[in-house]
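K.L.:
using only what follows, build the 3D model:
(one chain, ligands or ions: 1)
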Amino acid sequence: MSAAEQLAALRLRIDALDEKILELISERARCAQQVAKVKKDEGEAAMFYRPEREAWVLKHIMELNQSPLNNEDMARLFREIMSSCLALEQTLKVAFLGPEGTFTQAAALKHFGHAVKSAPMAAIDEVFREVAAGAVNFGVVPVENSTEGAVNHTLDSFLEHDLVICGEVELRIHHHLLVGETTKTDRITRIYSHAQSLAQCRKWLDAHYPNVERVAVSSNADAAKRVKSEWNSAAIAGDMAASLYGLTRLFEKIEDRPDNSTRFLIIGNQPVPPTGDDKTSIIVSMRNKPGALHELLLPFHANSVDLTRIETRPSRSGKWTYVFFIDFIGHHQDPLIKDVLEKIRSDAVALKVLGSYPKAVL
Ligand SMILES: C=C(O[C@@H]1C=C(C(=O)O)C=C[C@H]1O)C(=O)O
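P.N.:
Predicted coordinates:
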């Protein structure tokens, strides 16, 4: 058989397979419509989006996968199928730190898939307010970066709002130096970016643009937007912002650490049931006395509960003297975790469970 004949035969097979896939996805979509009907019949407070179920579906697919596609690529395809199926039940409106093209938007799409309605906000606090007001279903906020540490705006917002964390998502962050069509690349005098991104590329900037002014703006996408109208400036931002604002990459992957990643949290109003592979986030304030932190950590150690993060913030009101943000493995409904939380509650000035949620799958 000639190469042309082989290709033609293979393409016929692919066509037949596509038709089968189409049929199966359609059947799956009809099932989702029936699920929606059952949920609606249950009553007013129907919860269409079920993060614990979605996490299970993705993990199940990754466990079964034996194809040439790797687990992450396969799960991403199913992520999009589920996203569209859920949209048949309810179109989720998701708020994030805008404008369009930020890493937070990329995180939102990674977590929910592309069939959601995007609601870009001007500041992290506005994301919290929109969710609290019920104007959107969920919000996505950055919480920590592997190079730069905690995102304090987000931590402080948790003190001011009563919202539930219902998921987490991790994103590898690649920064590029972006320029526009009219930029004179040998005469760049200003580089725009978000303060966190400037910090994540500090060594690269010191080596390549030591005398160029670094200007911190509200987001990477905002930085990319500004470059369009200025001939002497560049922006540090990611792929999404580059394609959205029509900029080209003068230098690629300029982050100082190759493993640079950011963890984002999904905030909403709906608690998530246990999946068996969960994380919990709490805020605790302790009395200002010697040994307070030791006392706080003891119940975790005594019960072999894995702490994944601990962060301290200054208190914002009289009630919160010293505030610790703690993440650990387990769900607040697990009997062991319940015991740990009860012990902490008896020693603390205040304890707030921000939420238990499935560990990031993708
Ligand atoms: C179909 C359901 O509703 C939504 C859609 C899902 C899917 O397409 O698999 C999974 C969970 C929910 O977010 C369900 O609850 O099972």
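K.L.:
tell me the phi and psi of Q200?
P.N.:
Here is the backbone geometry of Q200 (degrees, to the nearest 10): phi -70, psi -10.
K.L.:
number of residues surrounding it?
P.N.:
24 (other Cβ atoms under 10 Å). For every residue, glycine as well, the C-beta is placed using N, CA and C.
K.L.:
how about E52?
P.N.:
By other Cβ under 10 Å, the residues close to E52 number 19.
K.L.:
for E63, same thing?
P.N.:
E63: 9 surrounding residues under other Cβ under 10 Å.
K.L.:
next one: F300
P.N.:
Neighbours of F300 (other Cβ under 10 Å): 20.
K.L.:
by mean pLDDT, point me to the weakest helix or strand of the protein.
P.N.:
Least confident element among the helices and strands of the chain, by mean pLDDT, DSSP states H and E: strand 149-150 (a mean of 88).
K.L.:
list the pairing partners of it within its sheet, with orientation.
P.N.:
Strand partners for strand 149-150, identified by DSSP bridges, are recorded as strand 138-145 (antiparallel).
K.L.:
could you export the partner strand as PDB, CA atoms only?
P.N.:
Provided in PDB are the C-alpha atoms of strand 138-145 (Å, rounded to 0.1, in the frame of the first residue of the first chain):
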ATOM      1  CA  PHE A 138     -17.700  30.900  42.300                       C
ATOM      2  CA  GLY A 139     -14.500  32.900  42.500                       C
ATOM      3  CA  VAL A 140     -10.900  32.000  41.900                       C
ATOM      4  CA  VAL A 141      -8.100  33.700  43.800                       C
ATOM      5  CA  PRO A 142      -4.300  33.100  44.000                       C
ATOM      6  CA  VAL A 143      -3.200  32.100  47.400                       C
ATOM      7  CA  GLU A 144       0.500  31.100  47.200                       C
ATOM      8  CA  ASN A 145       3.400  31.100  44.800                       C
END
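K.L.:
could I get the contacting residues of R257?
P.N.:
Each residue near R257 by Cβ atoms under 8 Å, 6 or more residues apart in numbering is listed here: 146-147, 200.
K.L.:
re earlier: hmm, who's touching the least confident helix or strand of the chain?
P.N.:
Residues outside strand 149-150 that contact it (Cβ under 8 Å, 6+ apart): 143-144, 311, 325.
K.L.:
run the last query once more with 10 Å
P.N.:
Strand 149-150 is contacted by residues 142-144, 196, 199, 309, 311-313, 325 when judged by Cβ atoms under 10 Å, 6 or more residues apart in numbering.
K.L.:
can you tell me which of those are in strands?
P.N.:
Per DSSP state E, strands hold the following members of these: 142-144, 309, 311-313, 325.
K.L.:
distance of the closest residue to R172 other than its chain neighbours from the ligand?
P.N.:
Distances taken as Cβ to Cβ, 6 or more residues apart in numbering place S261 nearest to R172, at 5.1 Å, with adjacent residues excluded. For S261, the distance to the ligand equals 25 Å [Cβ to the nearest ligand atom, to the nearest Å].
K.L.:
rewinding a little: okay, who's weakest in the contacts of R257 by pLDDT?
P.N.:
When the contacts of R257 are compared by pLDDT, T147 scores lowest at 86.
K.L.:
helix, strand, or coil at that one?
P.N.:
Counting by DSSP: H, G, I helix; E, B strand; the rest coil, the backbone at T147 sits in coil.
K.L.:
what's the neighbour count on it?
P.N.:
So T147, with other Cβ under 10 Å, has 18 neighbours.
K.L.:
distance of it relative to L178?
P.N.:
The gap separating T147 from L178 is 20 Å, by Cβ to Cβ, to the nearest Å.
K.L.:
count of neighbours near whichever residue of the chain sits closest to the ligand?
P.N.:
Nearest residue of the chain to the ligand: C85, at 3.4 Å (Cβ to the nearest ligand atom). Per other Cβ under 10 Å, the neighbour tally for C85 reads 20.
K.L.:
same thing with the one 10 residues further on?
P.N.:
As a burial measure, the neighbour count of A95 was computed by other Cβ under 10 Å and equals 26.
K.L.:
which bits of the stretch 51-200 of the chain sit near the ligand?
P.N.:
Within the stretch 51-200 of the chain, the positions near the ligand by Cβ under 6 Å from any ligand atom are 53-54, 57, 82, 85-86, 89.
K.L.:
try 8 Å this time
P.N.:
Contact residues (Cβ under 8 Å from any ligand atom) of the stretch 51-200 of the chain with the ligand: 51, 53-54, 57, 81-83, 85-86, 89.
K.L.:
mind listing the helices for the stretch 51-200 of the chain?
P.N.:
For the stretch 51-200 of the chain, applying DSSP state H, counting those that start in this stretch gives helices covering 51-64, 71-89, 103-112, 124-133, 152-160, 195-200.
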